[in-house]
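Participant: please find the sequence and the predicted model below.
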Number of protein chains: 2
Amino acid sequence: MRAPYGLEIIESCVTCPHREERIFCNLSPEAVQALSTITSASAYPKGATLFMEGQAVRGVFIVCNGSVKLSTSSADGKTLIVRIADPGEVLGLAATVTGKQYELTADVIEPAQANFIARGDFLAFLEKYGEVALRVAQQMGEIYHAAVAEMRSIGLSHSAGEKLARFLLDWCAGHGSQKEESRATLTMTHEEIAQIIGASRETVTRLFTDFKKKRYLNVEGSALIIRNKSALEKLAGTAV
Amino acid sequence: MRAPYGLEIIESCVTCPHREERIFCNLSPEAVQALSTITSASAYPKGATLFMEGQAVRGVFIVCNGSVKLSTSSADGKTLIVRIADPGEVLGLAATVTGKQYELTADVIEPAQANFIARGDFLAFLEKYGEVALRVAQQMGEIYHAAVAEMRSIGLSHSAGEKLARFLLDWCAGHGSQKEESRATLTMTHEEIAQIIGASRETVTRLFTDFKKKRYLNVEGSALIIRNKSALEKLAGTAV
DNA sequence: ATTCTCGCGTGACCTGCATCACGCAGAAAC
DNA sequence: GTTTCTGCGTGATGCAGGTCACGCGAGAAT
């Protein structure tokens, strides 16, 4: 079907709009050239793992498309999903610049293509093209921002319903239409959602049926329809 | 006693070992010179606020000494302390590079001296001296690392005891001796500790008396003595 | 067609911790 | 001196949500 995989990926990644928007946009031609020599593209099937928490850092992965789940888990098997990376994000950035181990595990949940840059190459590149280092700092700032928001959500809320409402609103804000009655695609299991908001699978199920009963939302297959956004916002505590 | 405050601060900050260790070490002489022209030092009493969550970003604060509490709070007054910044840290970094609002509130808990650099100046400095941008990225990487650790602690633990044990161990690791029977200074109220580990004040009190009863630790004034480190580690879940 | 697996739906229970409601001591304010 | 505040200690109470246990339907595998 799509024969020479490697080539196709490089093509699609070079032209991929997301990457350009993020850290590597508006680079000088020579920087772009330098970048292309240290970048290697790969495709990853669903379920693949880019890196695992605790592993020695190898380098960064730039997600071209698909989606990747970033999580951390405890000794007893409990898992916390920190965030879902969308196309354009650079994974392993913090670990790569600090030289520590990867602090999270990156699992592919939608078949993904990603560019890899080895740590040594990446650092050398940053040192040579100081302009990019600032971009890197900016992206890390955004990631940190998201992390703080997540901490707020987990740490400051009183009920699981609050957290689920907030999660659903956030999700729709990024993946669907924005009106009072908005629709978005949500291909996640209750288990995964539970791991994001820090609750048990059963509670998520119960909350969903509860929300449906109260006409806050509807689920049709993988489509999530918010029917009463303000009610959810009220539940989520708006200002939080 | 210590008459010309401003001057003294600049002195102490220029020579302050912490700052040198962190982002601004080994700079070229001209970079140091440039830096000194955009830096302004101030002293802040206990209780002062460097910046508040939601404020438009003004710039970064480099903590020379004292200690600063970074927190976020919800509409209903609940507060989550994200971390305590020690000398050498640069506060407001993420917000400054991304240009968003401050995502946290910074309150002085021990009288502090800090250098301020306005956002415009700081960004111009980074652009001119690309070497520093990388340092900035590194520091942000470390902050992110800490944030992830915090999320793990809050999100993955089963009990409040687990979180308190982990907090106490972490605290001793950074502020005291490291043996089986270690001693550290802990000038925090139960309320504050509660806000760090995400529990109520009463639970913290109860846990402390519980730990004392079980001979895990002792409290003498502001001194915390860990008497049975391994027990606490076991409680904390070691690998987590 | 039959077995497995996976994700969802629900009921029954039981416990950890938030919350309310005090009392008490030391420090600071007057 | 008395009063006020702030931080700590503790009991009583209630409930949200974790955990266990099971059923069910839909794909996938054989």
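Facilitator: That came through fine. Numbering: from 1, shown residues only, chains lettered A, B, ... in the order given.
Participant: in chain A, which spans are helices?
Facilitator: A:5-15, A:17-21, A:29-38, A:93-98, A:119-128, A:130-156, A:160-175, A:190-197, A:201-213, A:229-236 (DSSP state H).
Participant: what residue lies at the spatial centre of chain A?
Facilitator: A:A85 (1.6 Å; C-alpha atoms, centre = their mean).
Participant: where in chain A is pLDDT low?
Facilitator: Counting by pLDDT under 70, chain A has low-confidence residues at A:1-25, A:178-180, A:238-240.
Participant: okay but A:Q101 is in contact with A:A56, surely?
Facilitator: Yes. Using C-beta atoms under 8 Å, A:Q101 is in contact with A:A56, at 6.0 Å. The C-beta positions use only the backbone N, C-alpha and C, and glycine is treated the same way.
Participant: so those two - more neighbours on which side?
Facilitator: A:Q101 (14 against 11; other C-beta atoms under 10 Å in any protein chain shown).
Participant: count of residues packed around the nearest residue to A:V132 once chain neighbours are set aside?
Facilitator: Leaving out its chain neighbours, the residue that sits closest to A:V132 by C-beta to C-beta, 6 or more residues apart in numbering or on different chains is A:L126, at 5.7 Å. When neighbours are counted by other C-beta under 10 Å, A:L126 registers 21.
Participant: correct me if wrong: A:D86 contacts A:C64.
Facilitator: No. Using C-beta under 8 Å, A:D86 is not in contact with A:C64; the gap is 10.8 Å.
Participant: dump the residue contacts of the closest residue to chain B within chain A.
Facilitator: Chain B sits closest to A:G130 of chain A, with a gap of 1.7 Å, by C-beta to the nearest C-beta. Going by C-beta atoms under 8 Å, 6 or more residues apart in numbering or on different chains, A:G130 touches B:E127, B:Y129, B:G130, B:E131, B:A133, B:L134.
Participant: over to A:L80?
Facilitator: With C-beta under 8 Å, 6+ apart, A:L80 has these contacts: A:S71, A:T72, A:S73, A:Q195, A:I196, A:G198, B:M151, B:R152, B:G155, B:L156.
Participant: can you flag the buried ones in these?
Facilitator: A:S71, A:T72, A:S73, A:Q195, A:I196, A:G198, B:M151, B:R152, B:G155, B:L156 (16 or more other C-beta atoms under 10 Å in any protein chain shown).
Participant: out of the residues you listed, who's nearest DNA strand C?
Facilitator: Nearest to DNA strand C, judged by C-beta to the nearest atom of the strand, of the buried ones among the contacts of A:L80 is A:Q195 at 11.1 Å.
Participant: on that earlier part again, top of the contacts of A:G130 by neighbour count?
Facilitator: Ranking the contacts of A:G130 using other C-beta under 10 Å puts B:A133 first, with 27 neighbours.
Participant: is it true that that one touches A:M140?
Facilitator: No. In this structure B:A133 lies outside contact range of A:M140 using C-beta under 8 Å: 11.1 Å.
Participant: A:S159 and DNA strand D, how far apart?
Facilitator: 3 Å (C-beta to the nearest atom of the strand, to the nearest Å).
Participant: and that residue, how many neighbours?
Facilitator: Residues near A:S159, counting by other C-beta under 10 Å: 13.
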